[in-house]
Structures are given as structure tokens and as C-alpha cells.
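Trainee: just a sequence and a predicted model for now, questions to come.
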Amino acid sequence: MFIAPLGFFRGISCAFITAPARCAAFSKAQYLTRKRTHVCKQLCLLSSECLSEKGLEERPCSLKQEVYGIPGLKRPRIRQHVNPLSQHLKALAEIPAEWPNQIYSSHSSPLHVDIGSASGAFLLRMAEAQPNFNYVGLEIRRSLVEFANARAKSAGVANKAFFLCCNANTAIRRILESYTPGIVRRISLNFPDPYFKRRQQKRRVVQSELVRILGEYLATGSEFICQTDVLEVDSHVREIFDSIGGFVCEELSVSPFPVPSERELSCTRNGRQIYRSLFIRK
Ligand SMILES: C[S@@+](CC[C@H](N)C(=O)[O-])C[C@H]1O[C@@H](n2cnc3c(N)ncnc32)[C@H](O)[C@@H]1O
């Protein structure tokens, strides 16, 4: 009887794997490595090792340690867009009683509000880069808010950066009136959802009512900064500020912040033009 050595079968099975199949297996491995490196760059915004030069350095890192930061905590999966005008999201404002007085270590520090803070990467890095500010992120998706607050705790900046689950349009007045005038120094709106379709444009964050409220509560010299890769959105924001008045508008050629937002990173990597507008309260 012929007893084949193990290598014989291995040889046969290798020979039967067709070139396209081998190619597919190889490209899947390549794809996973690429995806992992990409996700690292997108999300690992707290690690200066991983993302030294404004987050653009090409260096793979450990997904578990660097991206998620907290063992067992994964970035939540989310739908591409939500409708902020839908009944259940319209008046969303989960503002815990402890915010702001029992959150920040120094309540009198100037406040930076980030609208549409997503997973919090931008504000968490800002809290490290400019610790003289307090930070609050406003985000409509609860899972991202929970993730961002968990990351803040893990990074040891929970007494500087906090995230609220709310619809910025309806909650902004309550948030601004929690502070004495002059404390809210800066509001950022990084890469807002563009809502290209005409009938959906009323879902955009910047609307006349929002700008009116900003004008009511912001002290002279406070800033609103909008960054976007969509020219139409930049024009829309400028038109609304212009029509309401009370702000001086400047076009910025570079980011006024020392760190990029998540979306800004991917736009920069893809060579997309970024439009930046600064509105200073008169
Ligand atoms: C395109 S993402 C940009 C995220 C981040 N600012 C960046 O630059 O990487 C827009 C974010 O705004 C949030 N958002 C949209 N409308 C909102 C609203 N009315 N209030 C609060 N957050 C909102 C979305 O859930 C999403 O996380």
C-alpha cells in the first residue's frame, strides 16, 4: 500500500489552488493591513507616536492599544447620516445635571464648543494641545457620545473635555446660557454633513436661528470657525452669517487649530481642498 507523506497532499492542494484564488487570498490580507493602517490614522488621534506630524505619518500601530484605547471598547458602527429634523432627534438634549459645574477642574477657563464632535478625536487632542481651555462636544448620535466620553476618561482628560448627546440646533441656547458671557470663546464646526439635495438643506446645522442665538450669547471677540471640503457648504454658512449680521467674516488659508479633525485628516490625505471661514463676534 502507498502511504503518502503529508507534504505530498500539501503539494497537491497547493497545485490545485488557482492563480486567481491565490491572488484573492493575498489581496485580502493586503486589504486588511491597509484597512487597519487607515483606521489607525483615522481614529488613533491621541497617540503622538502613531500620528506625529498632524496625524499624517505612515506607520501601522496596534489596533487594540492605539485605536480603541480602552480594551474591549470599540468605535460604534453608525449609519451614514441621521435626520436632525426627525421627531425623536429634534429636541434631543441629554444634558446631565453635573454639566458644567461638576465636570471641569477649572470652571472659569474659556470654553470651546465643537458642533458635530463625532467620536471626539478632535476635542480630545485639543484638550492635550491647549489645556487652558475647557471643551464640550455636541453630537447627535448617542453611541458616539458614549464612546467619546469613555475615551476622555481613558486619556485622563475627562475634567477638560466632555461630550453631550444633543441636537446642536435645539440645545445650543441651553448650553450657551449655562455660562456667563465671555466664557464661551470659540465654537468649531468641522466638516458638517453637507446635505446636497435641495429639499434636505434645512437639515444643515448652520441655519438663521442658530446664528441669531450665537449673536445673542457670544461676547465681543468670540469666534465661530467652520471648516469644510464642500464649497457650497462654506458659501451657505457665509450667506447666513452675512444675512444675520453681527460678525466679521475672514477667510482662513490654514487651520486655526493645532490638530486636525478626523474628517480633515482624510481630506488632507486625499488632497481635497478645504474651505475655512472665521466669524468674529463684533
Ligand atoms: C461629517 S461628521 C464630521 C465629524 C467631525 N467634526 C470631523 O470633522 O471629523 C458630522 C457630525 O455631525 C453630527 N451632527 C449632524 N447634525 C447634528 C446636529 N444637529 N447636532 C449635533 N450633531 C450633529 C453627525 O452625527 C456627525 O457625527
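Mentor: That came in fine, so what should we check first? Numbering: from 1, shown residues only.
Trainee: all contacts plus neighbour counts: C-alpha atoms, from now on.
Mentor: Noted.
Trainee: which residues of this protein lie near the ligand?
Mentor: Taking C-alpha under 6 Å from any ligand atom as the contact definition, the chain meets the ligand at 84, 115-118, 138-141, 166-169, 190-193, 205, 261-264.
Trainee: what's the pLDDT at the residue in the stretch 1-150 of the chain that the ligand sits nearest to?
Mentor: Among all residues of the stretch 1-150 of the chain, Gly116 sits closest to the ligand, at 3.3 Å; criterion: C-alpha to the nearest ligand atom. pLDDT recorded at Gly116 is 98.
Trainee: contacting residues for the nearest residue to it once chain neighbours are set aside?
Mentor: Leaving aside its sequence neighbours, Gly116 sits nearest to Glu139 (C-alpha to C-alpha, 6 or more residues apart in numbering; 4.8 Å). Residues near Glu139 by C-alpha atoms under 8 Å, 6 or more residues apart in numbering: 115-118, 145, 163-168.
Trainee: where does Glu139 fall, phi/psi-wise?
Mentor: Note on Glu139: its backbone torsions stand at phi -140, psi 140 [degrees, to the nearest 10].
Trainee: which helix or strand contains His236?
Mentor: helix 231-244 (DSSP states H and E).
Trainee: same list (the contacts of Glu139) but as JSON lines, adding secondary structure, neighbour count and distance to Arg238.
Mentor: Output for the contacts of Glu139, formatted as JSON lines (DSSP: H, G, I helix; E, B strand; the rest coil; neighbours: other C-alpha atoms under 10 Å; distance: C-alpha to C-alpha, whole Å):
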{"residue": "Ile115", "secondary structure": "strand", "neighbour count": "24", "distance to Arg238": "17"}
{"residue": "Gly116", "secondary structure": "coil", "neighbour count": "23", "distance to Arg238": "18"}
{"residue": "Ser117", "secondary structure": "coil", "neighbour count": "29", "distance to Arg238": "21"}
{"residue": "Ala118", "secondary structure": "coil", "neighbour count": "24", "distance to Arg238": "23"}
{"residue": "Val145", "secondary structure": "helix", "neighbour count": "24", "distance to Arg238": "28"}
{"residue": "Phe163", "secondary structure": "strand", "neighbour count": "29", "distance to Arg238": "27"}
{"residue": "Leu164", "secondary structure": "strand", "neighbour count": "26", "distance to Arg238": "26"}
{"residue": "Cys165", "secondary structure": "strand", "neighbour count": "23", "distance to Arg238": "27"}
{"residue": "Cys166", "secondary structure": "strand", "neighbour count": "26", "distance to Arg238": "24"}
{"residue": "Asn167", "secondary structure": "coil", "neighbour count": "23", "distance to Arg238": "21"}
{"residue": "Ala168", "secondary structure": "helix", "neighbour count": "26", "distance to Arg238": "19"}
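Trainee: give the residue spans of the chain that score low on pLDDT.
Mentor: 1-73 (pLDDT under 70).
Trainee: that older thread, the residue nearest to Gly116 pairs with what?
Mentor: Counting by DSSP bridges, Glu139 forms beta bridges with Cys165.
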